[in-house]
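In: build me a model:
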Amino acid sequence: MLKTVAIIVVPNFSIFEFGTACEVFGIDRADRGSGVPGFDFRVCTPVPGDVKMKSGLSMHVGLGLEATADADLVIMAPYGRDEDVPEPVLDALRAAHTRGAWVMSICSGAYALARAGLLDGRRCTTHWHYSQDLASRYPQIHVDENVLYVQDGTIITSAGTAAGIDACLHLVRVELGANVAAAIARDMVVPPHRDGGQAQFIDRPMPTCGSAPMEALLRWMVENLEHDHSVNELASRLHMSARTFARRFRAETGATPAAWLNSQRVLRAQELLESTELNIDEIAREAGFGHSVLLRHHFAKVLATSPQSYRRAFRGQLAEVG
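Out: Numbers count the residues shown, from 1 in each chain. I've put the predicted structure just below:
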């Protein structure tokens, strides 16, 4: 059973993500009548003393890495990905895994797990800003940028910022049950469960292209998403044959015209869900999908969630039609 939790911090650690673990495990809720046990929560570092944060603040940490020796869960807090991690930290992570403890990373903490060899051959995630870099540095691991968190055996990796809450609550649910996880979430005023397979909400700005005519065409397409665009019509705007245009378009954008349009329409739908109270049918028309069925299909395909769930996540509980 999950009783003892140790989180490792190193210089230049991130205060918000560190705070997510503190909120879940570091607050004693045992006397609140909700069934949540008290955790033995420990903050530790290789060299006890003042540890600098990314924000410029410092925090005094009184415990060394010996605090991880009997922990049921060892969490690696995020830190500057280009900074060296002391070998004792890697040893502590390896030792925890070897004795069967849970090991978790939040955001860029995944780099330490990768350096320790704990992610070799495993599926994992990190903040989408870092996913391609992590995958290129450690080709032996399988990085999925499109999820909030991944559990592979007794190792859990999470995406950035608030996804650390989701990963922690997931582990609470696994170890202590849904009621305990829901009680902690209720206390934190967060959703009790966001599935790990839900996509990270990644902003995908319109890419720039190698040629000015193609870039101008892309901007025109974005400004006219509500209209249908055939390959023949688009090709004629650049005075190309349909075949040449399709080949050039894929070379410059990495996608077919239809796939690129759908990704931009999903992005437009995201913006409308966040900033308007249009119902789902209206958003489908405004984004260029025409029908809500197509909007839901492409939204789920790209983001692995529904338009309604996305709106709730970003704008709170709204009355939805559709």
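
In: can you give me the pLDDT of the residue most central in space within the chain?
Out: For the chain, Ala159 is the residue whose C-alpha lies nearest the centre (C-alpha atoms, centre = their mean; 3.3 Å). With respect to pLDDT, Ala159 scores 94.

In: just after the helix or strand where Arg42 lies, pick out the following helix or strand.
Out: Following DSSP states H and E, one finds Arg42 within strand 40-44. Using DSSP H and E, the helix or strand that follows strand 40-44 towards the C-terminus is strand 49-52.

In: next SSE downstream of that following strand?
Out: strand 58-61.

In: which other helices and strands does that following strand contact?
Out: Where contact means 3 or more C-beta pairs under 8 Å, 6 or more residues apart in numbering; DSSP states H and E, strand 58-61 is packed against strand 40-44, strand 49-52. C-beta here means a position set from N, CA and C on the backbone, and glycine is covered the same way.

In: which is the next helix or strand following the longest helix seen in the chain?
Out: Looking across the chain with DSSP state H, the single longest helix is helix 257-275. Sequence order places helix 280-287 as the next helix or strand after helix 257-275, per DSSP H and E.

In: C-alpha coordinates for that following helix, CSV please?
Out: Once non-C-alpha atoms are left out, helix 280-287 reads as follows in CSV (Å, rounded to 0.1, in the frame of the first residue of the first chain):
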residue,chain,number,x,y,z
ILE,A,280,-21.4,21.9,-31.1
ASP,A,281,-23.3,22.1,-34.4
GLU,A,282,-22.5,25.8,-34.8
ILE,A,283,-18.8,25.2,-34.0
ALA,A,284,-18.8,22.4,-36.6
ARG,A,285,-20.0,24.8,-39.2
GLU,A,286,-17.7,27.6,-38.2
ALA,A,287,-14.7,25.3,-38.2
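
In: how about the secondary structure of the residue of the chain most remote from its centre?
Out: Taking C-alpha atoms, centre = their mean, the residue of the chain most remote from its mean C-alpha position is His239, at 41.7 Å. Under DSSP: H, G, I helix; E, B strand; the rest coil, the three-state class of His239 is coil.

In: ok so, going back, the residue nearest to the centre of the chain is in contact with Asp144, isn't it?
Out: No: taking C-beta atoms under 8 Å as the definition, Ala159 is not a contact partner of Asp144, at 9.5 Å.

In: joint contacts of those two?
Out: Thr125 (C-beta atoms under 8 Å, 6 or more residues apart in numbering).

In: ok, back up a step: pLDDT averaged over the strand holding Arg42 - what is it?
Out: In this model, strand 40-44 has a mean pLDDT of 98.

In: go through that strand and flag the buried ones.
Out: 41-44 (16 or more other C-beta atoms under 10 Å).

In: which of these sits closest to Val51?
Out: Val43 (9.1 Å; C-beta to C-beta).

In: which residues of the chain fall in strands?
Out: Taking DSSP state E as the criterion, the chain carries its strands at 4-8, 40-44, 49-52, 58-61, 73-76, 102-106, 123-124, 142-143, 149-152, 155-158.

In: any chance of the ones you listed in JSON lines with distance to Ala251 as columns?
Out: Formatted as JSON lines, these follow (distance: least, C-beta to C-beta, whole Å):
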{"stretch": "strand 4-8", "distance to Ala251": "45"}
{"stretch": "strand 40-44", "distance to Ala251": "51"}
{"stretch": "strand 49-52", "distance to Ala251": "46"}
{"stretch": "strand 58-61", "distance to Ala251": "50"}
{"stretch": "strand 73-76", "distance to Ala251": "40"}
{"stretch": "strand 102-106", "distance to Ala251": "37"}
{"stretch": "strand 123-124", "distance to Ala251": "31"}
{"stretch": "strand 142-143", "distance to Ala251": "26"}
{"stretch": "strand 149-152", "distance to Ala251": "33"}
{"stretch": "strand 155-158", "distance to Ala251": "34"}
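
In: follow-up on the earlier one: next, the angle from the longest helix of the chain to helix 280-287.
Out: 130 degrees (axes from the mean of the first three to the mean of the last three C-alpha atoms, to 10 degrees).

In: distance between helix 257-275 and the chain's centre?
Out: 19 Å (C-alpha atoms, centre = their mean, to the nearest Å).

In: same check on stretch 270-279?
Out: When distances are taken as C-alpha atoms, centre = their mean, stretch 270-279 is centred 22 Å away from the chain's centroid.

In: same check on stretch 107-116?
Out: Distance of stretch 107-116 from its chain centroid, counting by C-alpha atoms, centre = their mean, is 15 Å.

In: now it: average pLDDT?
Out: 98.

In: just to check, Lys77 is in contact with Glu17?
Out: To be clear, residue 77 is Ala; Lys isn't right here. Yes: with contact defined as C-beta under 8 Å, Ala77 reaches Glu17; the gap is 6.4 Å.

In: give me the common contacts of these two.
Out: Common neighbours of Ala77 and Glu17 (C-beta under 8 Å, 6+ apart) are 106, 109.

In: what's around the nearest residue to Leu148 once chain neighbours are set aside, how many residues?
Out: The shortest distance from Leu148 to any non-neighbouring residue, by C-beta to C-beta, 6 or more residues apart in numbering, is to Ala163 (4.4 Å). Counted with other C-beta atoms under 10 Å, the neighbours of Ala163 add up to 26.
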